[in-house]
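Visitor: sequence and predicted structure, then a few things I'm wondering about:
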There are 6 protein chains.
Amino acid sequence: MKIGAYGEVMLRLTPPEHLQLEQTHTLRMAYTGTGVNLVGNLAHFEIESYLLTALPDNRLGKAALANLKSLGIQTAYIVQQHQHIGTYFAEMGFGARPTEVTYQNRKSSSFSLSPIEAYDVKQFIEQVDMLHICGISLSLTEITAQTAITLAKEAHAAGKIVCFDFNFRPSLNQEPGKKEQMKQRYEEILPYCTIVFGSTRDLVELMQWKTEVSVSENETAFIQSFLAHYDITWFAGTKRQVINHEKFLSGYLITPTDAFEIPKQRLEVLDRIGAGDAYAAGILLGFAEGWSLEETVAFAIANARLAHAIQGDVPLTTRKQVKQLLEHPDTDLIR
Amino acid sequence: MKIGAYGEVMLRLTPPEHLQLEQTHTLRMAYTGTGVNLVGNLAHFEIESYLLTALPDNRLGKAALANLKSLGIQTAYIVQQHQHIGTYFAEMGFGARPTEVTYQNRKSSSFSLSPIEAYDVKQFIEQVDMLHICGISLSLTEITAQTAITLAKEAHAAGKIVCFDFNFRPSLNQEPGKKEQMKQRYEEILPYCTIVFGSTRDLVELMQWKTEVSVSENETAFIQSFLAHYDITWFAGTKRQVINHEKFLSGYLITPTDAFEIPKQRLEVLDRIGAGDAYAAGILLGFAEGWSLEETVAFAIANARLAHAIQGDVPLTTRKQVKQLLEHPDTDLIR
Amino acid sequence: MKIGAYGEVMLRLTPPEHLQLEQTHTLRMAYTGTGVNLVGNLAHFEIESYLLTALPDNRLGKAALANLKSLGIQTAYIVQQHQHIGTYFAEMGFGARPTEVTYQNRKSSSFSLSPIEAYDVKQFIEQVDMLHICGISLSLTEITAQTAITLAKEAHAAGKIVCFDFNFRPSLNQEPGKKEQMKQRYEEILPYCTIVFGSTRDLVELMQWKTEVSVSENETAFIQSFLAHYDITWFAGTKRQVINHEKFLSGYLITPTDAFEIPKQRLEVLDRIGAGDAYAAGILLGFAEGWSLEETVAFAIANARLAHAIQGDVPLTTRKQVKQLLEHPDTDLIR
Amino acid sequence: MKIGAYGEVMLRLTPPEHLQLEQTHTLRMAYTGTGVNLVGNLAHFEIESYLLTALPDNRLGKAALANLKSLGIQTAYIVQQHQHIGTYFAEMGFGARPTEVTYQNRKSSSFSLSPIEAYDVKQFIEQVDMLHICGISLSLTEITAQTAITLAKEAHAAGKIVCFDFNFRPSLNQEPGKKEQMKQRYEEILPYCTIVFGSTRDLVELMQWKTEVSVSENETAFIQSFLAHYDITWFAGTKRQVINHEKFLSGYLITPTDAFEIPKQRLEVLDRIGAGDAYAAGILLGFAEGWSLEETVAFAIANARLAHAIQGDVPLTTRKQVKQLLEHPDTDLIR
Amino acid sequence: MKIGAYGEVMLRLTPPEHLQLEQTHTLRMAYTGTGVNLVGNLAHFEIESYLLTALPDNRLGKAALANLKSLGIQTAYIVQQHQHIGTYFAEMGFGARPTEVTYQNRKSSSFSLSPIEAYDVKQFIEQVDMLHICGISLSLTEITAQTAITLAKEAHAAGKIVCFDFNFRPSLNQEPGKKEQMKQRYEEILPYCTIVFGSTRDLVELMQWKTEVSVSENETAFIQSFLAHYDITWFAGTKRQVINHEKFLSGYLITPTDAFEIPKQRLEVLDRIGAGDAYAAGILLGFAEGWSLEETVAFAIANARLAHAIQGDVPLTTRKQVKQLLEHPDTDLIR
Amino acid sequence: MKIGAYGEVMLRLTPPEHLQLEQTHTLRMAYTGTGVNLVGNLAHFEIESYLLTALPDNRLGKAALANLKSLGIQTAYIVQQHQHIGTYFAEMGFGARPTEVTYQNRKSSSFSLSPIEAYDVKQFIEQVDMLHICGISLSLTEITAQTAITLAKEAHAAGKIVCFDFNFRPSLNQEPGKKEQMKQRYEEILPYCTIVFGSTRDLVELMQWKTEVSVSENETAFIQSFLAHYDITWFAGTKRQVINHEKFLSGYLITPTDAFEIPKQRLEVLDRIGAGDAYAAGILLGFAEGWSLEETVAFAIANARLAHAIQGDVPLTTRKQVKQLLEHPDTDLIR
């Protein structure tokens, strides 16, 4: 199985040692984004993985490309045009102080300005068996929204599996009318999707999904009615909890007729950004290899826990590491 | 309301990544001190804040000045003379290993050698509504003790609110007769003070306060008798606890007729130095803006918790950050 | 004399130790821009210096503000709105390898999007005696061009000295018609200007200046005809030469009736970005304090030479440092 | 009492800030090894401490020597020959992610290639009162195994106290026949040993020790039968537990006729590599100074807890630090 | 044209800022080697470039692989086996102090231990048009020598162009008989080679080449007799000179019937290691694209000069950069 | 021959990469001082070398001690008392910008406060064959001046060779009467000295030496008259020149009857602080080993040139390195 993702590459800049921006003159630099995280992780699982994106046609684009290659991502479908890469600063929190992310102009990035014609879409779709699209592309610019929808449509038509991650952030969609517009775009893309990452909140708040059973009565049945409507095969997501200052994570995987949720597990967090993409990568691996729901979720949650313990967005985990955690959860030193 | 503080600026040097001094050839450098922490934090709360201090008349003094300005502190009353800045090294502890602070020659610093005549005291007092003095000035040198006492006296005479922080460290006052001398100096300054930061221990051990109720019977009444004696309006402080390897912090605020103590809260500590000054800054803000005892202490403790989660002494917190913690205490990522 | 500059604040990101972007995961971060460099340097010369600019209303804007304050710049007229700061990456060259600058989206920056109404222009002009405008504002966006021209006009009307730096970069103005548009804008602003920084090339290529004497015949007379036309008092600039792999710098200062050019001096270059602003700062200081042409150029060139020997754009030089170089040009250690 | 250890010096390379090897271009460098850790720690306890080892005869050997000296280790018996130092990379784990150690070619190191004739063994044995040997020498190469056994024999013959640390790692001894060979070597060295560090698992799995009482019946009696057989005076070790994601450490000390085990204590771990050597150093100190079992184990466990809170392998603890932890276990700031 | 190189990947560790090993606790880490440098550079010139090598089957091998990919090198023929990577430390010199390289155990590296059977040689040779072999493989181990010779033979038989770099270091071949053995191996491989990098010294001292014209009479004719003998098409190399503390570089390219030598050019050196490989990469590019001798040498020398101005071994230069230097040799800032 | 030096240990703090103090939050830390430099260098030349000094009795003193040991210095005569170590900040210059040194309170350091009774002088003098004293001790405090003079007297009485370095800095001796007092102290110590480091300027300006030949007539004869008066065997020093922006160094060595001056040599300077001590170390080595004047000066100047090319004060050069420079002055890479 080969996978391709359409998504933005961002430059992430992080002050060292939990410092705030005013406290440092140095930053750690990395290249990231939902697509990067996902296919980067799958490449570490030895899945042939492609990224469809646009990078600036300058030194930064070149540096980004070198970094994507080092993750094992296939870069044949990456174009270089325009001059700007979306950027964000991550001031790492600690204890009572939350991590703060500050975005810099994503709407003018090479990715945001590149229409579908910029890419060799036909060959890209032929190349891959699965296509991943992130909901952020639906909210970024009209250009990326239309590109995402068209890609989903064409991949679906070509018999490929389309995976879609809701990744809906209310805070980024607060302009008047934006949420309604987003609902329409989500409705437009979902019919082409086979695997969907999302939450009950997405269905209730964004999609305003209503059915005969209410969420509070039977959450699973509520979601399954949604899956049936859109002919979605797998619906997966995670739940976070904080109990008495300790963090926990659980994950679920729901099919139109079945469901599995793993009991919550203790989280120790070095860097939580990108950890959701690790869960998604685990789910896609299970799907690609025909694992059971239980096996798939167990792997995906272990992968997500490891991703919380890795600096940066991109989960660099291997199958061996995940297996090690599943089999020897208390080992803290390997030599 | 404008505030001014009289206090020493120190150079803090910290090995990176919890290393000890023998393990590293690099140090992180910052400028700090009770006055710096306090007015730096208040400047972040948008209070016009001044520092009255002396810095060396050399490259280090210049660098210190640049750093104070970057904190938003008004530097018009800072003088540059002599050649030395007080310095301390902070080897950051972890788990069972405590943080170790090593002071370098504070008694010969520009601050310690500068008498009241070195400053434009008259205009400084006119400029501010509140004056903050730290007890460390009373123990540093005869010069700083007399400057502190005279400042308090003159500010009080000019109708300004004088705030005083006991900040009494027995370990720094162990020469014979030093404790008795300190008691006299504290007795001399207290009649001019409206807001005082301290602890029961300070009253019992340093001030040897005695009244009809004993501390163990009624701690609040004991403190209130002290407030009545010195005509102090607000008396505030924090209490630290370690329960089963977990750290907790609570805070109290006592008036001659009222008292409030907030229940203890869990502390996760990145760097505890300076966190007490964050509590004081919160209290002064509440006083300046006429908040209730409850509001004031809740804000001050949240501010102190955040300060424990920030590298370095100076609390860089804003009102928005404190409000965020009060309203969404479990949020660990903002984007 | 007080000076104010209208100009963009940029974030500069520099790999350490001459590394290229692909070779490092860390960057050095600083805040810069022609206006920042100029008023930052003048503040180090103890001139009260203001910046009129717009910073993003987010954590980056806050960090930028803290850095500007640390330079001694007065920030009362800086507004915070929008979300983006112009950014550039500087890969430091060495020997045969030139330094490479990569700009990131300046046209969507808070500065580029902020019209004149965003600022308290009236009070700003009242506050200062001199106003500095950089030609880059004329080429950035329509908004910044109109703001620059209006500012010049109003300052001139209020009897203030307007300084203007051509700073014309052909490479940044290559769209069709852009150069012609630029010529018109330069013609529009020049009548309000008293001090102008530029080169013969600017007059010939951009302004297409023609007069009875040709440049090759008499460069000074050629320039003086330009000065006479626009009623410009001082026209200044530098000349760079490379002779046998060694770099040299000279500088000139021309009035309608007089001219001085200093013999070329050897340059050793640590970081040449921003060094032109150091020359300008020296010239403005000479003007403000009524120095002779000779004194002014000597100071300005020494200042520029020092700026070439300082990391980063902002010349942090003091009068004492410049004087030291003028009096003891061979000293390499001061203790 | 003077102590000497025979053991390998390794170069440890550690990525900063919990990064993995792919994520960084910088490494932290230190010199380490069981012998280094042990005598380095004892030197910090003011015990005259020697190392018998071989370092490469090149710049790395020189740098290693400088680092050993800085730990206070006596280097008179260290030889420099051959060209290679054993190296390992430690990627520091966090939470669910274990620390991963990757060894580089230890079998060709200067130490591994240096036979007993390379050292001035006679004078070394005369110089010290106790000799420490690590089991790793028995498994490294034939050369180091024979050197270790001969040293133990000669030291014992000279009336010196021989200390031996099992330090048996099944993962490093998986070649066919290796474990049986190791058993023979351990049987060969044990008759010369007075103090032994090990675990029940070592006795059962490696030594295949059998006696009338089974381990599960009476662990202490089982071990004591082993001590009686080999005439071992002290047998010491630690036990690690993870309970509900929290880590705990306890330690025991067994003589042929007595035994003490300290209740488990909470561990907060910055870097656990080398912490076992801190326990051993504490035990040897107690032996050297004639402390009771209780005193010795309490000191050794406190020392080991501190070692877990120090970056790097070498425990840099002093008697004062250990005493501080024993007397004020909750202190987190000393100034 | 596609190129493949057979060569060792080494880990290079460099102290920052010209520090020596004793002066630092941090190192900069990179992956390098003649083959890496050459194909890495050619990949930057947009030539499809392959490496045939063996990396350890552990975390270091994985990290090395990620780095090779980031250089744009095709890694399909790289195998992972054994546990060790060759390592060297480079203490960067300055002025009178030479750079010092310390090698760590190259003879036990995965590369040195991997025989030709470990690789998919058949497909590799089919894949490429040119094969590059470095003389170091002839001196490293018997295994690498035989692998190199067999590869050259088979590639030649398959009609591919074989390039060979003498890269003979007398200092690394001082064992008795080693030089004679080396001579034989060189004689064995040369008949298969079309492009050879070397120097007159190599021919005289190592190959003991003798012909009717002596070197001192006519160096070119001397070399051409050698070319004729071995049917070599291109013979290229550089010459270094130091004149009055300034460094210069020139380069030559000789065919059996023609020759070109470029006048010496000034060198400013940031890091000279690997710069020879940049010259070779330029020559191979010229050969692959059918350039004239003059064009080829001019490009190769400019490339080598840039490589001297880049940190690390791998020349990251692009065609655009080389062209920029050739056309604008004095430009020191591009923006 | 064994050597001991009496001198202050200072903490040197240096911003990285030529940054100024305002530009960085990190500093490089090292321990230095004339005595440290000298005996540290001699230890690298395999001379048994001792330091007599006082370090603070705190964590900084401990860290300093570890660093001195790593240099190979014997520390048996170092005492730890008081709380302060002298400190200096070195902002590294570049090109036109001189290096700036800022001292912090040396007069209150542990060294400055420790009288001769604090040391085990008797045994120290017995232990060594040569004693080195630096003129800075004469100007620091009354305590260090008297200690230095007494040490010289007693060492001379015990038949040891006393070496004295004028190291007179007019800038540090500008208080009224200070220079006259210094002259007296120098006159007091010189009769005990056998080897003296100084310059003609020291003799003329400080010692106000007058004799029948004037300096301008015959500098050597002028100095020899001084040597004869004080019975000095060797008088050595260096001369610095700047010619056309290039730096040069020469060195001389004068006996009462002989003299040698080496022609000036080109200097490339990474860090010139401490390089004078490298010259002195070379001279002492030549004296100790009975070399000719020519050999001695050649070695000392080569050593000083290398020291200019090493970061930090302490010359870490070995005999092998110096010999390498003398024999192969143009080698820039050793492998």
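Guide: Perfect, thanks for sending it.

Visitor: tell me which parts of chain A are close to chain E?
Guide: Counting by Cβ under 8 Å from any Cβ of the partner chain, the residues of chain A lying close to chain E are A:66-67, A:69-72. Where C-beta positions appear, they are placed from N, C-alpha and C, glycine not excepted.

Visitor: farthest pair within these?
Guide: The span of those, defined through Cβ to Cβ, is set by A:66 and A:72 at 12.7 Å.

Visitor: residue A:4 versus residue A:124, what's the distance?
Guide: According to Cβ to Cβ, to the nearest Å, residue A:124 stands 6 Å off from residue A:4.

Visitor: ditto for residue A:303
Guide: Distance from residue A:303 to residue A:4, counting by Cβ to Cβ: 20 Å.

Visitor: the two: who's more crowded?
Guide: Taking neighbours as other Cβ atoms under 10 Å in any protein chain shown, residue A:303 and residue A:4 compare with residue A:303 leading, 31 against 25.

Visitor: give me the number of residues near the spatially closest residue to that one that is not a sequence neighbour?
Guide: Nearest non-adjacent residue to residue A:303, counting by Cβ to Cβ, 6 or more residues apart in numbering or on different chains: residue A:282, 4.1 Å away. Using other Cβ under 10 Å, residue A:282 is surrounded by 31 other residues.

Visitor: A helix includes residue A:282, no?
Guide: Yes. Counting by DSSP: H, G, I helix; E, B strand; the rest coil, residue A:282 is part of a helix.

Visitor: average model confidence for stretch A:251-264?
Guide: Mean pLDDT, stretch A:251-264: 98.

Visitor: buried residues in it?
Guide: For stretch A:251-264, the neighbour count (16 or more other Cβ atoms under 10 Å in any protein chain shown) marks A:251-254, A:256, A:259-262, A:264 as buried.

Visitor: what's the first-to-last distance across it?
Guide: 8 Å (Cα to Cα, to the nearest Å).

Visitor: how about stretch A:126-141?
Guide: Terminal residues of stretch A:126-141 lie 26 Å apart, using Cα to Cα.

Visitor: can you confirm whether that stretch lies near chain B?
Guide: No. Using Cβ under 8 Å from any Cβ, we find that stretch A:126-141 stays clear of chain B, coming within 11.5 Å at best.

Visitor: write out the residues of the stretch 201-335 of chain A neighbouring chain B.
Guide: Near chain B, the residues belonging to the stretch 201-335 of chain A are A:242, A:245, A:247, A:269, A:272-273 when assessed by Cβ under 8 Å from any Cβ.

Visitor: again, only this time at 6 Å
Guide: By the rule Cβ under 6 Å from any Cβ of the partner chain, the part of the stretch 201-335 of chain A lying against chain B is A:242, A:245.

Visitor: ok, which stretches of the stretch 201-335 of chain A are helices?
Guide: Assigned by DSSP state H, counting those that start in this stretch, the stretch 201-335 of chain A shows helices spanning A:219-230, A:275-288, A:293-308, A:319-327.

Visitor: residues contacting the first one, please?
Guide: Read that as helix A:219-230. Helix A:219-230 is contacted from outside by A:190-191, A:200, A:203, A:209, A:211, A:213, A:215, A:235, A:254, A:256, A:259, using Cβ atoms under 6 Å, 6 or more residues apart in numbering or on different chains.

Visitor: how about the residue of the stretch 201-335 of chain A found nearest chain D, nearest residue that isn't a chain neighbour?
Guide: Scanning the stretch 201-335 of chain A for the residue nearest chain D gives residue A:268, at 2.7 Å (criterion: Cβ to the nearest Cβ). Nearest residue to residue A:268, sequence neighbours excluded (Cβ to Cβ, 6+ apart): residue D:95, at 2.7 Å.

Visitor: of the helices of the stretch 201-335 of chain A, flag the one that's most buried.
Guide: When the helices of the stretch 201-335 of chain A are scored by mean count of other Cβ atoms under 10 Å in any protein chain shown, the highest mean neighbour count falls to helix A:275-288 (a mean of 26).

Visitor: outside of that one itself, list whatever touches it.
Guide: Contacts for helix A:275-288 (Cβ under 6 Å, 6+ apart): A:1, A:34, A:37-38, A:41-42, A:45, A:197, A:236, A:238, A:251, A:296, A:299-300, A:303-304, A:307-308, A:315.

Visitor: can you tell me which of the contacts of helix A:219-230 are buried?
Guide: Burial by neighbour count, judged by 16+ other Cβ under 10 Å, picks out A:190, A:200, A:203, A:209, A:211, A:215, A:235, A:254, A:256, A:259 from these.

Visitor: circling back to that earlier point, between all of the buried residues of stretch A:251-264, which two are separated the most?
Guide: Greatest spacing in the buried residues of stretch A:251-264, by Cβ to Cβ: A:256 and A:264 (25.1 Å).

Visitor: what residues are up against residue A:14?
Guide: Residue A:14 makes contact with A:28, A:90, according to Cβ under 6 Å, 6+ apart.

Visitor: and it, backbone torsions?
Guide: Per-residue torsions, residue A:14: phi -130, psi 120 (degrees, to the nearest 10).

Visitor: what about residue A:174, neighbour count?
Guide: Neighbours of residue A:174 (other Cβ under 10 Å): 9.

Visitor: run a quick neighbour tally on the closest residue in space to residue A:183 that isn't next to it in sequence.
Guide: With sequence-adjacent residues excluded and distances taken as Cβ to Cβ, 6+ apart, residue A:183 is closest to residue A:206, at 6.0 Å. Neighbour count for residue A:206, taken as other Cβ under 10 Å: 21.

Visitor: residue A:206 contacts residue A:170, doesn't it?
Guide: No. Residue A:206 is not in contact with residue A:170 according to Cβ atoms under 6 Å; the separation is 8.2 Å.

Visitor: related to what we said a few turns ago, pretty sure the residue nearest to residue A:268 is touching residue A:269, no?
Guide: No. Judged on Cβ under 6 Å, residue D:95 makes no contact with residue A:269 at a distance of 7.1 Å.

Visitor: check what pLDDT residue A:170 gets.
Guide: pLDDT, residue A:170: 82.

Visitor: check residue A:15 too.
Guide: Looking at residue A:15, its pLDDT reads 98.

Visitor: relative to residue C:17, how far out is the closest residue to it other than its chain neighbours?
Guide: Closest residue in space to residue A:15, ignoring its immediate chain neighbours: residue A:24 at 4.5 Å, by Cβ to Cβ, 6+ apart. From residue A:24 across to residue C:17, the span is 17 Å (Cβ to Cβ).

Visitor: tell me the contacts of the closest residue to residue A:239 other than its chain neighbours?
Guide: Once flanking residues are discounted, residue A:239 sits nearest to residue A:250: 4.9 Å by Cβ to Cβ, 6+ apart. Contact partners of residue A:250, counting by Cβ under 6 Å, 6+ apart, are A:239, A:262, A:264.

Visitor: can you give me the strands in the stretch 101-250 of chain A?
Guide: Under the criterion DSSP state E, counting those that start in this stretch, the stretch 101-250 of chain A carries strands at the ranges A:130-134, A:161-165, A:195-197, A:234-243, A:246-254.

Visitor: so how far is residue F:248 from the residue nearest to residue A:303?
Guide: From residue A:282 over to residue F:248 the distance is 67 Å, taken as Cβ to Cβ.

Visitor: check the burial of the closest residue to chain C within the stretch 151-300 of chain A by counting its neighbours.
Guide: Scanning the stretch 151-300 of chain A for the residue nearest chain C gives residue A:172, at 11.5 Å (criterion: Cβ to the nearest Cβ). Around residue A:172 there are 16 other residues, counting by other Cβ under 10 Å.
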